[in-house]
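[1] I'll drop the sequence and a predicted model, then ask my questions.
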Amino acid sequence: MRLHKMIARGLLPLAMSAAITAGLAAPSHAADKKLKIFLSMSYIGNDWQAEAENEIRAMAASKSLRDKVDLRIQVAGPNAQRQIQQINSMVQAGANAILVYPISPTALNAVVKNACQRGVIVAAYDSVISEPCAYNFHIDQLLWGKNQANWLVKQLNGKGNIVLINGVPGTSVDLLRKQGELEVLKNYPDIHIVAQANGMWSQAVARTELSKIIATHPWTSIDGVLMQAGCYTANAMQKEAGIADDKLRPCGGEASNGGRLQMLPAGTQVDGANGSYRPMGAHRMSSGSQNFSGALALKRVVEKLEGKDIPKLTVIEQNLVTNDNIKLCETGSWAEMRAGCNVFKPSLIPNPGWFASVYSPDVPEVGVQGALTGKPEE
Amino acid sequence: MTSAVVRSAPPSGVAPRSSSAVLFLRRNRGVLIIVAVFTALFLVSTIFSGGSFGYFEASFMASGGATLALAAMGQALVILVGGFDLSVGSVVSLVNVVLATHMGTGIGSEVGVGVLGLAVGGAVGAFNGFFVAFLGLQPIVVTLSSMFLVRGVTVLVLDSPGGSIPDGFKNFFTGAAIPNFLPAALLVIAFAVVVWLAIKGTRFGISIYAIGSEEESARSTGIPVRRTKFLTYVVAGMFYGGAGIFISAQTGAGDPLIGDPLVLETFAAVVLGGTVLGGGRGGLIGAIFGAYTLMLMVNILLALNVSAYYSSVAEGVVLILAVLVSALHKDAPLAQGVGSMRRWFRGWRAGLLPSQIQWGGAPVHVELSRSAAALRAPNVSWMQRNRERLRFALPAYVCVAGVLVATAIVRPDTVEHWSYYNSLIVLSSFLIILALGQGTVILTGGLDLSVPWVIGFCGILAAGMIRGSNEASLWVVPAVLVLGALIGTVNGLGIVVLGLPPIVITLAMNGILQGAALVYSNGTPDGFSSSGLHWFLTGKITGIAPVVVFVVLFIVGAVFLLGGTVFGRRVYAIGNSVTVARLSGVNVPRTLVLVYVLSGVCSALVGVLLTGFSGQASLGMGDDYLLPSIAVVVVGGTLITGGRGHYLGMLGGALLLTALQTLLDGTNLPHAVRDIIFGLVVLGAVLALRERQTR
């Protein structure tokens, strides 16, 4: 008892004050050495952006980076003017590096050049900054279009009526993807594009646009679909129109988890499946802009700041998922995904529009939990 | 306009004592306040970022806000003359791509193409001005259609980001005018200010204020109203051209989407700068500071390290506060509101309110109006009574018929099947419902910009709480509608009690709800619709989607609400004249709040229905409904300044827009051509309306 009291009266406060001093000292000490990295996002109001942001946060919080990096996230909104202003003020605030989801591939060139001249590393993910001093991390969008079109042509044996749902008009990603698709399709004179619309990379818009198309081109007159985003919705709409699972039109498109779940053989038992968010053996090719590209950019940028050389352009490999290699994940850990699974249970991912393209061999720090909540893999 | 007190004539007791300094302060209150707000925010941002403020910082800041400032100056000019310009962003984009694709190196090309940029802006301005001034069309419709037309042309000039601007041109605008002392951007703004001050002093400048204050009086005093309006749009277009030139120099390349987000930002900048929507009061200097204040928000959010999800909330709050500051004087709506509350309370205590006075016998006015209606009804034919309404509502339906004929030609086997009409009504249902809310707001002379994120937030909340359960949806749907009503109440109270312009409070509300949706969903909305709700929109009973029946009932209810109830009459009364309505005993504040409540409920309902339609809710699901919700209302013959319009006209507008998009989506036409067709049809619809007007 006495001993306890002694400890309580004497040692504890001592220990506490020591801890407090240490606690106060440690962060300030570390802060001096920490790299100041900013993230300038453009728009945050969609699933893809939110997921990418979570993965970047997970990367910054991972064991390898958490003591090195002080990450600050800002949103510029859809206005390029504001992103220019934002990057400028990040440079002024003493950034070591700035990660950017660029609103425009060209509009930021001047401000990025200025940042580079002041010794700041600037890296763009998913979309592009065309200023040569910037580092870029993205997939080959032209190839994306070619892959999707080639797959669809093969499914249709080079013959049939197809519908195109594009992305946001006036963006280079949309243009490149369309170019890739058309380059392939023009070799097949028996493939007819009967209608196209802009789906704005949103499942909700894809539904309204596709509904408009179906009003004048009923499903009976359509043999296949190419959608930059919205295959999940296209399949759901066909189910509502009373089309049987095995008669679903082949759809080349995005990497939504809902769309991938539909690819599993009909009857597969999956936790939480409901409505159209269930296995139905849909004919699909599923791939998309990789959500980890920002996290990978952060990792590489830190390496660069530590003195390692990194290439100006990192073309991220596409993860092509078809009915041949679709595989359900149990937990969604990075290790499990490395073993080849690529779609998640609805009980884990209740939102079918959530993007399942989270796996990269290069970012073991981030798994599904990282993309969902910003927590790194342990 | 609505609560306008004649500023130049101060209360008689004060006038003799006012020195010229006091008069100056009084006249320039709007500008002075925004300068004060700007300075305060500037200090906050400089102190918190811990940095010094030198030439480089000044240069960044001057260039950073210049494009928005120039565009906002043009917008302010249009608003001063009583207009409204939605084409601003598309003009900036067009000038940008023209410069990026046509400018070569060499002084000749740089100057020549630069001037061409100004001319392009002026030309679009002349297009707008022609239809507004000489054909008497509503500015919002004209500029909406020119926005689509210009957008289409822009993509034809340059279909994706690219092109380049020579270095000499870039440096001229964004470099230093005097090295290490004066950034060129400041000189550009100074030049724009000189142009404005020169205009302001001329007859033309005075005419702008006169027309904006009271068009009829201006006409009576011999001011050339049409010519002045036309010129105002041309000059405004040249300001947009200037903004396009500056952004080209600043970015060094072309991007066909670069100007799109400028529309709402210029409105915010103009209102922050003390210019009153409706015209006549304010100026372009305030708009410049408004623009720089908005850009400064970016620095503040960074300096204070405001988390990403909260940035739109912080901006909304600052917007409200900045405008509120300017409301802290004695003839501002806030003070007036407090004053009238106090008078009401005094009257109530003394028992002098009309409602407290015993009139003896039954309320007379009800009897009177009934018998009057009964007397008049048999004498006047239906056509005579409704001619006015038909005039404005019919063109939309004529256009719908035209689109149906076109659809029948392009896709012969669709129009004869009921399923086509079923899809058409289901797809129109969202706009049909929004049209009631937005339309009623517009009838009172307001505008509800919070539509996108009321839809998004309510949809996400509904999906998150329903989670596939039909039982849950029974209480969730009403609960979400109540939430929509609460949001509308806040909008309405902001307008009525705090005296905020409708655009400010609803724009701020939109930002706040965006933040709320992000925080609630943590960036990934994960709820989903119940099977019943999904069936309601996508299922079929003998070929008819259940929602079609609902829409029909909704239309009947909406027509009755606006045409057959006391509330409806009050709405029209307020739209025609707030003062007359108030003097006639209409409880203006209560009616206005109810109008925004109605709009909130309609948006919330659309959020729920869209969730049912898609099966899920997603962030940004309401983004594509703001402009269409306004477009259907005005295409349906409603006057944007309020007081005129019929719900059946708006219904025609909703059907027209949806049928047209359905037709265009079913083709392979390039996106640019679709935009152009869309713009032409909108313009055509209102032109038809105008011809009937003159006959």
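    Perfect, thanks for sending it. Note that the coordinates shown come from a computational prediction; the quantities given were computed from them, not determined experimentally.

[2] Tell me which residues are up against stretch A:49-56.
    For stretch A:49-56, the external contacting residues (C-beta atoms under 8 Å, 6 or more residues apart in numbering or on different chains) are A:39, A:41-44, A:71, A:73, A:99, A:101, A:125-126, A:291-295, A:298, A:354-355, A:358, A:363, A:366, A:370-374, B:308, B:518, B:522-524, B:619. Every C-beta, even on glycine, is put in place using the N, C-alpha and C of the backbone.

[3] Return the alpha-carbon coordinates of that stretch using CSV.
    Included here for stretch A:49-56 are C-alpha records, laid out as CSV according to Å, rounded to 0.1, in the frame of the first residue of the first chain:
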residue,chain,number,x,y,z
GLN,A,49,-12.4,11.1,-55.8
ALA,A,50,-13.4,10.2,-52.3
GLU,A,51,-11.8,6.8,-52.6
ALA,A,52,-8.6,8.2,-54.1
GLU,A,53,-8.4,10.7,-51.3
ASN,A,54,-8.9,7.9,-48.7
GLU,A,55,-6.1,5.9,-50.3
ILE,A,56,-3.7,8.9,-50.2
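
[4] Can you give the distance of that stretch from its chain's centre?
    Counting by C-alpha atoms, centre = their mean, to the nearest Å, stretch A:49-56 is centred 7 Å from the centre of its parent chain.

[5] Those residues of the stretch 401-550 of chain B touching chain A, which are they?
    By C-beta under 8 Å from any C-beta of the partner chain, the residues of the stretch 401-550 of chain B that approach chain A are B:407, B:410-411, B:414, B:419-420, B:423-424, B:426-427, B:456, B:467-468, B:514, B:517-518, B:522-528, B:531, B:534, B:538-539.

[6] re the thing from before, give the buried subset of the contacts of stretch A:49-56 as a ChimeraX selection command.
    Here is the ChimeraX selection string for the buried members of the contacts of stretch A:49-56, based on 16 or more other C-beta atoms under 10 Å in any protein chain shown:
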select /A:39,41,42,43,44,71,73,99,101,125,126,291,292,293,294,295,298,354,355,358,363,366,370,371,372,374 /B:308,518,523,524,619
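
[7] Please name the nearest non-neighbouring residue to the residue in the stretch 201-350 of chain B that chain A sits nearest to.
    In the stretch 201-350 of chain B, the residue that lies nearest chain A is residue B:253 (3.3 Å; C-beta to the nearest C-beta). Spatial nearest neighbour of residue B:253, excluding adjacent residues (C-beta to C-beta, 6 or more residues apart in numbering or on different chains): residue A:106 at 3.3 Å.

[8] again, but for residue B:521
    What sits nearest to residue B:521 in space, not counting adjacent residues and going by C-beta to C-beta, 6+ apart, is residue B:460, at 5.4 Å.

[9] Pull up the gap between that neighbour and residue B:622, please.
    The gap separating residue B:460 from residue B:622 is 10 Å, by C-beta to C-beta, to the nearest Å.

[10] Now list whatever residues contact both of the two.
    Counting by C-beta under 8 Å, 6+ apart, the common neighbours of residue B:460 and residue B:622 are residue B:607.
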